[in-house]
Each structure stands twice: as structure tokens, then as C-alpha cells.
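Trainee: below are the sequence and a predicted model; questions follow.
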Amino acid sequence: MGSILVVAEHRRGHLRAASLSAMSVGKELAGHPHSAWHILVMGKGISAVAEEAARYGAASVLSADHELLEHPVAQVSASVVAQATTAVEATFIVAPVTPWTKDFLPRVAARLGAGMVSDVVGYEIEGNTVVFQRTMYAGAVNAAVMITTAVKIICARPTAFPKAKPEERPSAIVPLSIEIYPASIGTTFLSYEDRPSERPDLTEAAIVVAGGRGTKGREGFQLLEELADLLGGAVGASRAAVDLGWVPADLQIGQTGKIVAPSLYFAVGISGAIQHVAGMKDSKVIVAINKDPEAPIFQVATYGLVADLFAAIPTFVEAVKQTKEA
Amino acid sequence: MKVLVACKRVPDPSAKIKVKQDGSSIEAEGLKFVISALDEVAIEEGLRMKERRGGEVILFSVGNVQAEEQLRMGLAMGADRGILVVYEGFPDSDLVARAIAAIFREEQPDLVLMGKVSPDTEAGQVGQLAAEYLGLPQATFASKIELDADGSKAVVTREVEGGHERVEVQLPAVITCDFRLNTPRYASVPMIMKARAKPITKAPLDGLGVEAIAKVKLRNLLPSPQRKAGVRVESVKDLLRCLKEEAKVI
Amino acid sequence: MDFSLTPEQRMFQEAIARFAQEKLETYVKRMEETDDFPVEVFKLLGDLGYLGIHFPAEDGGSGADFTTFCLFIEEVSKVSAAIGVNVLLHTLMGSAPVFLVGTEEQKQKYFVPAIKGEKIAAAGLTEPNVGSSAADIETTAKKVDGGWLIKGSKMFTSNGPYCDFITLVASTDRAKRHKGISLFLVESRSPGVILGPNIPRMGIMGGETGSITLDDVFVPEDTLLGEEGKGFYYLMEALNATRIALGAGAVGLARAAFDRALQYAKERQQFGQPIGKFQGVSFKLVDMALEIELARLMVYKAAWLLERKEKFAKEAAMAKLFAAEMATRVAHKALQIHGGYGYTKEYPLERYYRDARLFEIFQGTSEILRVIVSGQLGL
């Protein structure tokens, strides 16, 4: 078997937590049978990121540092990964599931003739093969799948795997010189509108406060934001709240949005449609606050409170403040 | 303007999905099937382009023969004709992408549109795989598509981490659609009546020169363990106490 | 005997069920609270071709069939019986007579816009003193120079409070009784026309209905619809088709109540098991399912006869009679299965129960329908 290549993503100068989950998968797969695992980081001005990646015990960190990699379009990212794969003779590519990898990784699969499994939540090594688990039908079904090609690509769901731990020996950082031909790509990056937030990343936060149709809009969401800030958590939303224009789309949690698994998830004014639950059912503790006693969310909530959120949330916020002062 | 649009047959998202005893597939008996909601968004976008610029909207589906029902519904929305690639097995994303590539080479459309992901298999790979096989540019998770005056390029706004990205793609290209792109129209009665007469051509995989090899094989399906309901709390005070002392998450 | 729907009818059923669940559902709460009809619904439905489903395309319709119209009413009524009823009456009682016997000008001025949802039609038949004994119409139309002078009043006119025109039943010769009845197309804003306010009712909230007073209203020659003295026959024709569609509406309403009760019976637990396991409950559900199926068969058989231009007055009466009484029985049982929750406003059971009640009364009371069928039986 060839080596394992872990594609790591970084944001604002640091490795994303999701990358650390992918790294632990890559590292474990590298043990069966023995082979080396490497990490790929790409971007512009990423020496600090490469050094951070070098602390996790990989055989090497391939660093593709180039002007054109600041906002790489799909073909460019795919090209870099393909070149890195060849460089370390990888037969296994492991990446975290993120909007970035979902966009370009299938292109790598097509280019290399590799089978790709997205959103892996578990795997079992059975002799020479690996059987991967992924979910389907909004979390109702678990599928056990196998990749039949020599080169295999998997995207690991970050919430399903532990984060890799730093090791003593730093990895060698190997610059990867890449060839990119912008003219032949047919895609030009124009702009990226970033919305910086003081709050933690939705997919990384230990506490998430999410709102749905019951919040009736900005008024309700303001209450949730106050609670989230008090608890140091992130704010999320159901698809309904996004469709109604109350919050930006990247706050959407669910089958077609983000999958999260925090220690504590508040579902406030959210009815609990299957598609939403699919995005948060692995949370450790789920609190449901809803006026409707028959709302499906109560079927998955650890603690359910039938109440009007406009009264309950402020009361809860007050109670938390008091315990903090005590 | 010729637009090739996906029209995937999927179970009604509100249906309870059961797995067959032998784990080979889901229990389709008694299930209601619909067009994947994100593909409907793609179809709507194709129809709007046709209304603005003239041309043709061609639907495609890779699956069993019953998928013709969903192609008819797509035609009832206003599409011109449909192509059904008949494949009875569990279609692997790569296989579907190669089928799309074969259709593309025959039809030579200006644009390929599809939902960014489908609610059944949830792989979200097909568009990107097809784009690579065809050597075409792509733009995924589109929330806005602006074609330029002569239809040779499109500026696409994409829903990405933390905000929006805008890219310009040369056509032909593959664009996958997000829910924010549009609100699909309802089929009108006259359009449903007209749908009957519109052609749906059936093509088996080997007819298109596509090898029926899956790169990802399904070993078996199992029902997912479902989360059970916990307890009801009576008050905010109660809730806080549970979170602090019982669950210890605050 | 082919009991199946055509592929178009099935596609149609799927499309309208979805439209009703996604769009029409959003109006229900407000209608219950305010008893206002969301008049924009006429245009919404008109744009999608639903108001004129079974009329020929060249006349502004959608070119489908009457069965499809019944499927439409059934699916809409499952979500809102009030919308189903008022839309049905706009099309089949208010607009269909214009299509059947109107002049080209009358069709262009009234039928075509009504089918598009741009004009709302009310059918003025019932009066304060005249319900079942329709031939005793007291509203008169007196011939004058250039037209007629209409005097009288109408009662329980669906869509009355906001209609654009009234397909009015008036007597042009009281001595001739039903042979002296004629139909007129009266603009609702004509001087002398007073549209009464919505009448507070038990159910079908939002399905506005009111009185109309005609105080020496002058209507020109060209407002006579069809032939003088033939109005009663035009009316009966319209009424027969209406009764089938109302049967479909009752089926839709009953299905809504049944679906809820079935789901509840599977989920609600008492004495350690789902209540649906107890025969006291399951037998009720069986009877409900059975009756809904029977009503549906009768409704669609009557629709089939209509489409084949065979006699269908008896079947139409039977369909409405059975479906209406069935809807009340089903709504009653469904509420009972829900126990205390069924009695609250949080659940829709009490709405279904109240809505069902009207079906045994309007457009032919169950008593009159029995009279009609006994006549058909030669009694």
C-alpha cells in the first residue's frame, strides 16, 4: 500500500479543528498496514500553518505556498492535491468535510480514477480492506461501503473523530512546487465576502444556540445571541430561519447545511424536522424549547421545556448570570 | 441557450425510511417519490434562463424506469424534453457522472445544472466529477447566477464558509445549486397537460458507452440508531439545574 | 371498469396536494381568526390554471376534465374546506353558466377573467324566504326600456361580500314558476346593489357568505344569460355538477380528519400501548376508512358519468348526500379519538368537525337530495 495524504484546511492562520480530526484518521489508517502519512497544506504565506501541522507526527508536511493559492478555485486545489498525491505516492487521501473540500475533492477523484466516499462517520479495517460508514436519508440509514479502486479518497465528518494530538518529533516540512496554468482553467476568482465573527466556529463550538421559525425573526435571534455570548457559544439556525432571511445561510444546521455535535445544543423555536435533526443529533445534550408540546424536536431532546421562548430565554439568561455571580 | 438539468427521483423527504431485512436497499414499497428539491431549484433556474434568452431545457435522470414519473413532473414545470438513463442498480456517483459526461458529449449544452446534493444518498459529488471528466469549469453551492450578455460566461455567487464567494466561469460549465438560488414554480394545469406530449428518451448505460462499474460499492445498509427522547423539565430553573448538575455541560 | 387515474390526473393530484400544503396552508390560521377570505388566492389559483381546469383551452380553460377538477377540490379541501368551497362555487355556480349559455361578449367580459382569477363570481340563488323551494324565487326582473329592473334580495351568497359580478337568479314571470326564471349577470358595483357583510357562522371560517340586496337595479338587455325562462334548467345543470365537486370537498375534509386520527392512534399511548391497538379505536378507524373510500367512489363515478355526457343527477345527489353525512361522522370520530386534545383549538379536529356540518345543508340539503333520488327511483 502507498502512503496516506491528509489534506488539511486552515483559516485565519491556524489549522481548522476539522483538519485535526482528519489527521487522526489518516494517522490510524497509516498503521494498518504500516505506511507513512503526510499532511498537505496549501495557501499563500502559510509557513506558520505548516509549522503547526508539523507538530502532529506525520512523515512530512507538504507545503504549497503560492500567490494563486490564496483563493484557489476548484481546479487549482484539485491540481495541487493531485500533484501532492504523486509526490508522496499516496494511495489514500483523507480530508475533513468542509465546503472547501466538498467543492474540489471530487475533481481529484475523477482525475486519479479514485473512488471517493464523502461524510465518513466511521470505518472498520477488515483484513486488506477498509469498510467505511456513512449516513443517508437525513441520518435514518447507515451505509457500509467499500472503495474498489487502488487510490481511495475519503472525507471524514469532523464531529465523528477525535482530534489528533501533538507529538514530540516535528515533521519535515517539504515545499511543494506546483504548476498552475490559470488561462486553461476557465474559472476566475472574483471576490470573497468574509463575515468576521467574535463567536466560535459553528462546527467547532462546544455550545450551540440555534433558532428556528419560532423566533419570529431578528427579535428572537437577538435573545439567542445574548445567550450564546453569555455561554461562549455559537449561533445556528434551522433552514426555515435562513430561508426567511433572518440569518445568513452559513448558520444553517441540517442535512443541506452544517453538521454539528457540540456538548450542548439549544434548539429554540425549532420544530425538529428530520432534515434539521440530521445536522445535530450527535450533540451530547440537546435542550428543546418550544411552545408546541407535540413538536417532533421533543423526541430527540435530552431536556424538553414547553414554553414561550420570549419568556423562557430571558429568564434563563438571568438565571445563568446569577449563577455566574455566585 | 441549451441547459442540461438533473431531475433525480428521491423518496419524499417527510417519509419514514425503512431498511430491508437483508440490508440490500431501503424499503421502497409504499414510498412516495418526488423530484429532489435542489434539482427543482436547478430546473427553475434553467427555465428562467430559457425564458430570458430562448433555447431548450433538457432534463436527465440516471436510475430505474419509474424515474420517468419525475421527468414528467419536470416537463410539467416547463422543460422541453427528458433523457432517462436506465440503470437498475444502486448508482454510484462516479457512474452517474460518467453518464452525464456521455449525455453532454451528445447534446453539447451551454450549461449543466443540478442540485448541490440530493436528500437520499447525500454524496454531493456528481456535478464536480462530471466537470472534471469533461474538463469543464465548475461553480458549486450557487446562490446567484448572472449570465453575461452573450451567454459565454457566468458570474456565480457561492455559499461558502463564513460568507459568499464570487467566481466567473466560462461556459460551458457545471453549476450546482443551493436553496437560496430561487423558489421553484408550481406546475400549472396547462403545463401538466402539455407534459404528456414532450419526449422522454430512454438510454441504457451501455448504449451511451458507459461502463457499469462502481468505484464505491455498497456492502449493506442498516437502520441508524435513533436518539431517544429524554425528559421534560417544568421550568427554566429546573433546566439550568439539570444542565449544571446532571449533565454538567454548563 | 378502470378505477385508475390517468398519468396526468396523478401528476395533477401530486402538484395540487403540494401547492395546497405549501401555500394554501399558510392562510388557514388567519382565516380561522378573522373569517376573512384571502382574495389573492383566486389569482394564485387562476395563474396556475386551477380555476378553469375542465373548460376548453380555447375558451380560457385548462383543457383537462371534470374528474381533475374534483381532485383539485378534494386536495384543497383537505387543507382548507373554506377555500375549497368558495373557489368551487366561484367556478361551478358563478362562472360555469356563463360558459354554458353566455354570448361571446359575456364570456369575454365575465367567464374568461373569472377563470383567470381576475374577477370573483358569486351565484345569487338562495333568498331569505327561498331555500329548498327554489322555484318560488321572489327576486323579480321587470322588463323595462333597454333592459330590466331587478328587485329583491339574496341570502347566503358565497363570495358575496367581495364579488365582482353576480350570476343572479330572478323571476321574469312569477306566474310561470320555474318556467319563468331567468339568469342575469349583474355587476356588483351597479347602483342599487348592496353587498351585505359576511355572516358570522359555525364553521367554514373565511368562506365568506353574505346577503345581497337589489334595490331597483337596472340591468341592460345584454345581461340576460341564455334564454329568458330557461334559468331554472341552467341552474339545475350547474347545481348537479356542483354537488359532485362538493362531495369531493367532503372527501378531502374527511381524509384530513382521518389522517390525523390514524397518526394519533399510532402514537398516543394509554394503558401501556398505542390506543390504536384497542378495537374500540381501531374499529372506528376502519369504519372511517371504509366510508371515505365509498364516498370517493361515488363522487368519481358521478364525475365519470358527467364526462361521458350521461345522465348523472341521481348519482350527483347520492355522492353529495353520502359524502356530506360521512364527513360529519368521520370528523366526529376523529375528534373523539383525540380525546381532550381534539376539543382544543391547538388541534384542527374541532375545525374539521365544524366545517363538515355545512356540507349536509348547502347546495341541496340532505333532505332535498333524498327527495331527488326518490324521484329518480320513481317514488
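Mentor: Thanks, I have the structure now. Numbers count the residues shown, from 1 in each chain, chains lettered A, B, ... in the order given.
Trainee: could you pull out the helices for chain B?
Mentor: Using DSSP state H, the helices of chain B run over residues B:37-53, B:68-77, B:93-107, B:126-134, B:189-195, B:236-241.
Trainee: er, the stretch 101-250 of chain C I mean
Mentor: With helices called from DSSP state H, counting those that start in this stretch, the stretch 101-250 of chain C shows them at C:104-106, C:112-116, C:231-267.
Trainee: returning to that earlier point: tell me which of the helices of chain B lies nearest to chain A.
Mentor: Closest approach to chain A among the helices of chain B (C-beta to the nearest C-beta): helix B:126-134, 3.6 Å. No exception for glycine: its C-beta is placed from N, CA and C like everyone else's.
Trainee: average pLDDT across that closest one?
Mentor: Averaging pLDDT along helix B:126-134 gives 98.
Trainee: tilt between it and helix B:93-107?
Mentor: Going by axes from the mean of the first three to the mean of the last three C-alpha atoms, to 10 degrees, helix B:126-134 is angled at 60 degrees with respect to helix B:93-107.
Trainee: please name every helix or strand in contact with helix B:126-134.
Mentor: helix A:74-87, helix A:99-112, helix B:93-107, strand B:111-115, strand B:138-147, strand B:173-177 (3 or more C-beta pairs under 8 Å, 6 or more residues apart in numbering or on different chains; DSSP states H and E).
Trainee: mind running it again at 10 Å?
Mentor: Secondary-structure packing of helix B:126-134 (3 or more C-beta pairs under 10 Å, 6 or more residues apart in numbering or on different chains; DSSP states H and E): helix A:74-87, helix A:99-112, strand B:2-6, helix B:93-107, strand B:111-115, strand B:138-147, strand B:173-177.
Trainee: which of the helices of the stretch 101-250 of chain C sits closest to residue A:64?
Mentor: helix C:231-267 (55.5 Å; C-beta to C-beta).
Trainee: near chain A at all, the closest one?
Mentor: Yes: applying C-beta under 10 Å from any C-beta of the partner chain, one finds helix C:231-267 touching chain A at C:264, C:267.
Trainee: contact partners of the helix or strand following that helix?
Mentor: Counting by DSSP states H and E, the next helix or strand C-terminal to helix C:231-267 is strand C:269-270. Applying C-beta atoms under 10 Å, 6 or more residues apart in numbering or on different chains, the set of residues contacting strand C:269-270 from outside is C:275, C:276, C:277, C:278, C:281, C:339.
Trainee: quick one: strand C:269-270 to chain centroid distance?
Mentor: Distance, stretch centre to chain centre, for strand C:269-270: 39 Å (C-alpha atoms, centre = their mean, to the nearest Å).
Trainee: sheet-wise, list the partners of it with their directions.
Mentor: strand C:273-274 (antiparallel) (DSSP bridges).
Trainee: name the next helix or strand downstream of the strand it pairs with, please.
Mentor: helix C:279-307.
Trainee: name the helices or strands packed onto that following helix?
Mentor: Helix C:279-307 is packed against helix C:66-79, helix C:231-267, helix C:313-337, with contacts defined by 3+ C-beta pairs under 10 Å, 6+ apart.
Trainee: got CSV for these, with mean neighbour count too?
Mentor: Output for the helices and strands packed on helix C:279-307, formatted as CSV (neighbours: other C-beta atoms under 10 Å in any protein chain shown):
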stretch, mean neighbour count
helix C:66-79, 26
helix C:231-267, 24
helix C:313-337, 25
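Trainee: out of those, which comes closest to residue B:5?
Mentor: Closest approach to residue B:5 among those (C-beta to C-beta): helix C:66-79, 27.2 Å.
Trainee: got the domain boundaries for the chain?
Mentor: Picked chain A for this. A:3-184, A:207-325 (automatic domain parsing).
Trainee: chain C, not that one
Mentor: C:7-120, C:122-229, C:232-376.
Trainee: relative to residue A:225, which of the helices of the stretch 101-250 of chain C is closest?
Mentor: Closest of the helices of the stretch 101-250 of chain C to residue A:225 is helix C:231-267, at 35.1 Å (criterion: C-beta to C-beta).
Trainee: kind regards, and thank you for your time.
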